[in-house]
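A.B. asks: Please find the sequence and the predicted model below.
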Amino acid sequence: MLVSSIFNILFCAGLEWARLDYRAKATIRSLKNVQFMEGSKEAGHVPDHTAKKVSCNHTDGGDCDEVKLISFLRRAGLFPQKNETANISSHISLKSLECGYCNKVYHVELLSKNYVAKIYSDVAKERMLKSANPADVLLSYKSLGPNVLYCDEDGILMNFVDGATLNASDVHGDTSSSFGNGTELCRAIARKVAALHAIGPQPEFNSLFQENMLWFSLERMMSYILRKNACLAFARATGIDEWPFQRLSDEIHEMRNSIEVLNLPQVFGHGDLKPSNIMCSGNLSKDESSSMNNSFDDTVNQIFLIDFEMAGLIYRGFDLYKLFRTNQFTKYTDENMRAFAESYLIYFEQELPRLEGENIEASTVLQLESKVFKPLTWLEAGVFFLFLYAEDQQECWAQLALSRLRCYEQSKVSFDADINKYISAMDI
């Protein structure tokens with residue numbers, strides 16, 4: 001009887017694995033004519049200590065988020081259909097991860113195999129392209145992002161790798177970081193980002209290259225904020241009426257006009273390249289003395305970019321400055337930005353020009369280009385949190401929006417000077 005039960009469980013598991021593998025191949029083939037790569041590099045999100053368990057014995061009358069998750073996993077072939085045996089469900093562990101702002105993310109474990117399932121929220125879909133999957137699939141295929149197993153309009157299923165996400169202290173080598181001064185880490189990150197930015201137009205992923213994702217997402221978020229009359233509610237909640245919708249709109253248009261006239265380089269970029277969207281696998285020690293034993297290539301291979309919802313055509317400088325942007329708690333380090341720029345240019349196919357007769361290095365020009373976007377990275381973040389506030393009017397979103405908009409006002413003071421420095425370097 002015991003042997004029969006074990007056989008039944010393994011047989012059911014085999015059916016689920018076969019279906020998952022088939023759907024993974026079919027999903028990727030449907031978005032790009034490539035074969036699913038068995039054994040390709042795995043990547044994923046990091047489980048948070050506040051993860052909570054989700055019941056697997058779920059019915060349609062339960063929590064809405066759990067309904068979406070179970071429905072998605074059924075479509076992916078990882079969870080039994082309603083009319084199939086439920087034996088396999090007792091061997092699935094589902095845990096909600098407290099990470100990100102918009103979406104629900106889950107750690108899924110089945111028979112010692114680990115996955116990450118991200119379920120897109122309705123508000124997240126408001127600012128994305130019609131399908132959020134092409135970038136994830138393209139970058140999975142390029143081995144730059146998590147290995148995608150299944151995706152549709154409601155979510156994405158990826159392989160999972162244990163690891164740690166970075167923060168601003170890691171990038172800038174703050175005393176609180178365990179990556180030492182962060183210089184070698186920045187050089188390794190630069191190699192990954194350069195590979196991302198070097199991706200040229202792909203016929204099968206044409207939608208990702210049609211319009212600038214920064215302006216597209218800002219327009220979508222502002223439209224939602226207007227529909228929800230969020231600026232008025234924001235003023236009432238904070239007691240600050242300095243950010244009516246018209247001013248917010250005017251600031252975006254002013255930034256856009258100033259940026260577009262410079263004809264700054266646009267690349268296939270991440271769109272939200274903050275340190276927390278970069279992770280190191282569990283094999284890369286955060287201890288500086290241990291990390292020194294790793295070769296540079298080993299370090300690069302253990303760094304992964306994650307969360308590509310805003311990926312597409314983007315300003316190169318916007319991507320780069322968002323990675324190095326700091327607040328009052330972290331000191332900006334020119335040394336690490338310079339190390340990043342030098343490493344980036346080695347692997348990026350388009351070398352920046354030098355000024356004739358001047359000894360201005362390409363890495364310096366790249367740094368000046370990125371600094372032009374300093375205020376815009378704060379303005380975009382302020383709009384994003386107002387966008388979230390428009391959905392449920394939580395006080396935390398209002399306070400985050402306010403802090404980002406204040407940073408925008410402070411950084412805008414040097415905007416014209418930063419543009420002039422870049423123009424002088426490029427001799428535009």
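C.D. replies: That came in fine, so what should we check first?
A.B. asks: where does the stretch 1-150 of the chain have low pLDDT?
C.D. replies: Applying pLDDT under 70 to the stretch 1-150 of the chain picks out residues 1-63, 82-90, 130-133.
A.B. asks: so Phe234 sits in a helix?
C.D. replies: Yes: counting by DSSP: H, G, I helix; E, B strand; the rest coil, Phe234 is found in a helix.
A.B. asks: Would you mind confirming that it makes contact with Leu386?
C.D. replies: Yes: using CB atoms under 8 Å, Phe234 is in contact with Leu386, at 6.2 Å. Every C-beta, even on glycine, is put in place using the N, C-alpha and C of the backbone.
A.B. asks: where do the contact lists of these two overlap?
C.D. replies: Counting by CB atoms under 8 Å, 6 or more residues apart in numbering, the residues touching both Phe234 and Leu386 are Trp243, Ala401.
A.B. asks: Can I get stretch 122-138 in CSV, CA atoms only?
C.D. replies: What follows is stretch 122-138, C-alpha atoms only, in CSV (Å, rounded to 0.1, in the frame of the first residue of the first chain):
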residue,chain,number,x,y,z
ASP,A,122,-4.3,45.8,-11.6
VAL,A,123,-2.5,49.1,-10.9
ALA,A,124,0.8,47.7,-12.2
LYS,A,125,-0.8,46.9,-15.5
GLU,A,126,-1.9,50.5,-15.8
ARG,A,127,1.7,51.7,-16.5
MET,A,128,3.0,48.7,-18.5
LEU,A,129,2.8,47.8,-22.1
LYS,A,130,-0.1,45.5,-23.1
SER,A,131,2.1,42.5,-22.4
ALA,A,132,4.8,42.8,-19.7
ASN,A,133,6.4,39.5,-20.8
PRO,A,134,8.5,40.2,-23.9
ALA,A,135,11.3,41.9,-21.9
ASP,A,136,11.4,39.1,-19.3
VAL,A,137,11.5,36.5,-22.1
LEU,A,138,14.1,38.3,-24.2
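A.B. asks: Identify the residues contacting that stretch?
C.D. replies: Residues contacting stretch 122-138 (CB under 8 Å, 6+ apart): 27-28, 31-32, 102-103, 120, 145-146, 148, 151-153, 156, 158, 199, 202, 205, 207-208, 216-217, 220-221, 224, 308-312, 387-388, 391.
A.B. asks: In the stretch 101-250 of the chain, what residue spans correspond to strands?
C.D. replies: 104-110, 113-119, 148-152, 155-159, 163-165 (DSSP state E, counting those that start in this stretch).
A.B. asks: list the buried ones in stretch 402-410?
C.D. replies: Buried residues in stretch 402-410, defined by neighbour count with 16 or more other CB atoms under 10 Å: Leu402, Ser403, Arg404, Leu405, Cys407, Tyr408.
A.B. asks: actually stretch 256-275, not the one I wrote
C.D. replies: For stretch 256-275, the neighbour count (16+ other CB under 10 Å) marks 259, 262, 264, 266-275 as buried.
A.B. asks: For that stretch, give the mean pLDDT please.
C.D. replies: For stretch 256-275, mean pLDDT rounds to 95.
A.B. asks: How far off centre is it?
C.D. replies: With CA atoms, centre = their mean, to the nearest Å as the basis, stretch 256-275 stands 16 Å off its chain's centre.
A.B. asks: just for the stretch 301-428 of the chain, where's the confidence low?
C.D. replies: 328-330, 349-360, 428.
A.B. asks: hey, where'd the helices end up in it?
C.D. replies: Per DSSP state H, counting those that start in this stretch, the stretch 301-428 of the chain carries helices over the ranges 316-324, 334-347, 362-371, 374-392, 395-412, 415-426.
A.B. asks: Could you do the stretch 101-250 of the chain as well?
C.D. replies: 122-126, 133-141, 168-172, 183-197, 213-227, 230-238, 245-260.
A.B. asks: For Phe318, find the nearest of the ones you listed.
C.D. replies: Of all the helices of the stretch 101-250 of the chain, helix 213-227 sits nearest to Phe318, with 6.0 Å by CB to CB.
A.B. asks: List the contacts of the closest one.
C.D. replies: Contacts of helix 213-227 (CB under 8 Å, 6+ apart): 123, 126-129, 230-231, 245, 248-249, 252, 256, 269, 271, 310-315, 318, 376, 380, 383-384, 386-387, 390.
A.B. asks: Phi, psi for the most centrally placed residue in the chain please.
C.D. replies: In the chain, the residue lying closest to the centroid (CA atoms, centre = their mean) is Asp307, at 2.9 Å. Phi and psi for Asp307, reported as degrees, to the nearest 10, are phi 60, psi 80.
A.B. asks: Grab the nearest non-local neighbour of it.
C.D. replies: Asn277 (4.8 Å; CB to CB, 6 or more residues apart in numbering).
A.B. asks: tell me the contacts of that neighbour?
C.D. replies: Thr165, His270, Leu305, Ile306, Asp307.
A.B. asks: Format these as JSON lines; extra columns: distance to Val372.
C.D. replies: Listed next are those as JSON lines, based on distance: CB to CB, whole Å:
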{"residue": "Thr165", "distance to Val372": "27"}
{"residue": "His270", "distance to Val372": "18"}
{"residue": "Leu305", "distance to Val372": "23"}
{"residue": "Ile306", "distance to Val372": "26"}
{"residue": "Asp307", "distance to Val372": "24"}
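A.B. asks: Report the two of the residues you listed separated the most.
C.D. replies: Thr165 and His270 (14.0 Å).
A.B. asks: For Gln210, give me its contacts.
C.D. replies: Under the criterion of CB under 8 Å, 6+ apart, the neighbours of Gln210 are Leu313.
A.B. asks: let's see it at 10 Å
C.D. replies: Leu129, Pro201, Phe216, Gly312, Leu313 (CB atoms under 10 Å, 6 or more residues apart in numbering).
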